[in-house]
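Colleague: With the input below, show me the fold.
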Amino acid sequence: MKHISEIIDDVLTEWSYRVNDGMPNVDNPLHMAQLERSLNDLEFPPQFIVEFMQNLREGKFQARSVESGKVVDYKSKESMEKAIKDGRAELLEKGDKEEPEKETKPPMKIGTNPFDNKEKDDEKEDIGVGEQKTYLRDTDHETTDKQLTMTKAEAVEQAKQKGEKGVGAGTAESRAGEAAVHYAVRELVSGKSIDDVKKVLVGLAKDKEKILDSNWAKAALNTAEWINDVYGSDIKEVAWDTPSGRELISAEGHGTSSDMFIQLKDGRNVGISLKQTTNVFLLNGGYKKQHGLLVDSLSDTLETEELEAFEKATSIDTYWNGDPDDGQNNGFYGDLKTINNEFEGNQDFKDAMLQRINDYKNLSEEEFTNIFDSDKYLKYVNETEKIISELPHIKGEEIKYLSKIMKDPVIREQFPQFYDALRGREVKLTQSILNQASSNENVAKGLKKLCMDGMHVEDILFGKSDKLDEFITLYGNKPAVELDKGVLLKIFGLQDKYEQYLGVDDEDQKEEFKEQLLDEMNDKIVIDIKDGAKSGEIKIKHTDGEFHLFGVKARAKALGASPALEMNQTTFMGNVIKEGTPDVSEWSSSAKSRFVNARIKELMEEVEDANTEQRQSLKQEIDKLEAL
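Modeller: Next up, the predicted model:
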């Protein structure tokens, strides 16, 4: 059995290892969250951990609640001083210190709220509003800090948990980013410098075991600076979209896309949607999973039969095996079979292939890598004829190898149809979605709604809740930028009608007017389908032209790998948000130059992998950009 001094050493060693600077500080809420995690990992009894953490927090910083007249414990000197500054508490006089009545109440479990327990209504009244808010505040902040300091291993375990987690939607990475904003705003409001906050967040991001990455850390700092600059001295509370955070500011059932909230000293609640940058993805990942998310998003606008038809026509199976209704094996596997047939029946193709295979055997490793992007395919060179004879029944790496031969400039120049067919499968997969939108108005309506929701149009222009006085969407660019009402209305060309809407007093008429405006916005969105285009475009039709909002495409980064599905806000839209206008002529010359150069670079990278038809479309867009 370990001596108590050895146990203390174990705890301090583990705790020191977890904090970013190796120097634990009980006044730092992040460090306290790490201490609790250390005690759990060292397998201390749960009841001991609860009582130990409570005892460690108790009695350090106390002040008397102005509202209840009772002594309140604060988790840090800064939070106590802030309560006094805000008029919620007052300093204790000398000798005027009370001990919490611990013997009358069972220990409070971390992550639970005793004020929600109907069996403890009498106890709730005895505790008082001030103590309740202190508890809610501490619980929200601790929940947030745990997400901020979460390790990748812990994120995997959290993902396995079923039911309500109380930590918001999104990925573990995005939650850590949101938590970083929450933490940074709290620290800045308390008087910490941006350099102090940066040291903590950058330290977490550098830890390869932590889920917070450097991109989100930078975005969080930019966003927090914006919030502090605009609202800083007026901020009373900072809350995440957690049960305790919502209850703290009475925002339960807010019904918006808010990721966090700030409550101002005048009582106003502001909901904030947080985006890492203006390069927003509505869908981004493996096709099968993202397709499932797309199908779910369309369930509100499609009948069951329509949804099933959409799911079947646009599934990943159509990429590999072709249209299930035409009875032909005309998908990617069918194109591989065609290569086999041509190799057996077309002597010119066979001779060219055998000659090129022989060339590969005489190339240096560097020359081979220049063609195949890796030397790992060298092992397949002597097996090429065998691989072709087994088409289409070959493995993933073998498919990638054969696809790269079809892309080899020597083969591609003589027989472009083979690579074009393989690469064209992702275009057909993209087109399957766009064609569904073209043939079914409800699919088009669902895709448009996805875009509208992605920009939070309804939240920004109209709001959905009497629990929030304001809703803003912030992008963590440097500097951070807001998508405000003015920019949205310029994009849709509805400034005058929105002013009319604001002037309507009758609530029923106002709601009817709002629906008319939303319908008009929906009608202005156009889903552009071009034969052969690598991606579809979702635009807004405007008197001054068409504004590109979102792009949608299926994309196989390497032929032979399963494709991804992407739906993202365009670089044009990102610049509209940053520059505050969709009129390119009003952009700064530097912004215009960066936009054009960045977009041309993106398109040039696509040209290399594009098939013949795609290349023509890409070069046309490049010509238009160069004209700017």
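Colleague: Next secondary structure element downstream of the helix or strand Leu488 falls within?
Modeller: Taking DSSP states H and E as the definition, Leu488 sits inside helix 485-492. Sequence-wise, the next helix or strand downstream of helix 485-492 (DSSP H and E) is helix 495-502.
Colleague: who does the helix or strand following that next one touch, helix- and strand-wise?
Modeller: As assigned by DSSP H and E, the chain's next helix or strand after helix 495-502 is helix 507-524. Packing contacts for helix 507-524, counted by 3 or more Cβ pairs under 8 Å, 6 or more residues apart in numbering; DSSP states H and E, involve helix 441-454, helix 457-461, helix 485-492, helix 495-502, strand 536-542. For the C-beta atoms, the positions are set from N, CA and C on the backbone; glycine is no exception.
Colleague: will you turn these into a markdown table that also has mean pLDDT, mean neighbour count and distance to Asp300?
Modeller: Below are the helices and strands packed on helix 507-524 laid out as a markdown table (pLDDT from 0 to 100; neighbours: other Cβ atoms under 10 Å; distance: least, Cβ to Cβ, whole Å):
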| stretch | mean pLDDT | mean neighbour count | distance to Asp300 |
| --- | --- | --- | --- |
| helix 441-454 | 92 | 19 | 7 |
| helix 457-461 | 92 | 21 | 14 |
| helix 485-492 | 90 | 19 | 22 |
| helix 495-502 | 94 | 12 | 24 |
| strand 536-542 | 81 | 19 | 18 |
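Colleague: So which of these is nearest Phe261?
Modeller: The minimum distance between Phe261 and the helices and strands packed on helix 507-524 falls on helix 457-461, with 13.2 Å, by Cβ to Cβ.
Colleague: Outside of that closest one itself, list whatever touches it.
Modeller: 256-258, 271, 273, 452, 464, 471-473, 483-485, 488-489, 498, 517-518, 521 (Cβ atoms under 8 Å, 6 or more residues apart in numbering).
Colleague: Any idea how far the next helix or strand after it is from the middle of the chain?
Modeller: Proceeding N to C from helix 457-461, the next assigned helix or strand is strand 470-475, under DSSP H and E. Computed by Cα atoms, centre = their mean, to the nearest Å, the separation of strand 470-475 from the middle of its chain amounts to 15 Å.
Colleague: Extract the C-alpha set from strand 470-475 and format it as PDB.
Modeller: In PDB, the C-alpha atoms belonging to strand 470-475 read as follows (Å, rounded to 0.1, in the frame of the first residue of the first chain):
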ATOM      1  CA  GLU A 470     -29.600  39.300 -31.200                       C
ATOM      2  CA  PHE A 471     -28.000  36.600 -33.300                       C
ATOM      3  CA  ILE A 472     -24.700  36.900 -35.100                       C
ATOM      4  CA  THR A 473     -22.500  34.600 -37.300                       C
ATOM      5  CA  LEU A 474     -18.800  35.000 -36.900                       C
ATOM      6  CA  TYR A 475     -16.000  33.700 -39.000                       C
END
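Colleague: which residues touch that strand?
Modeller: 223, 226-227, 256-258, 268-278, 280, 455-456, 459-460, 463, 480-484, 574, 577.
Colleague: Mind listing what's buried along it?
Modeller: 471-475 (16 or more other Cβ atoms under 10 Å).
Colleague: Now render these as a markdown table, adding distance to Asp373.
Modeller: Output for these, formatted as a markdown table (distance: Cβ to Cβ, whole Å):
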| residue | distance to Asp373 |
| --- | --- |
| Phe471 | 46 |
| Ile472 | 44 |
| Thr473 | 39 |
| Leu474 | 39 |
| Tyr475 | 34 |
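Colleague: May I see those residues arranged in CSV, with distance to Asp505 and pLDDT as well?
Modeller: CSV is the format used below for these (distance: Cβ to Cβ, whole Å; pLDDT from 0 to 100):
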residue, distance to Asp505, pLDDT
Phe471, 22, 93
Ile472, 26, 93
Thr473, 28, 95
Leu474, 32, 96
Tyr475, 35, 96
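Colleague: my read: Asp266 touches Tyr231, true?
Modeller: No - the criterion here is Cβ atoms under 8 Å, and Asp266 misses it with Tyr231 at 11.1 Å.
Colleague: and the two? which has more neighbours close in?
Modeller: Tyr231 (20 against 8; other Cβ atoms under 10 Å).
Colleague: quick one: contacts for the more buried one?
Modeller: Tyr231 neighbours (Cβ under 8 Å, 6+ apart): 262, 264, 270.
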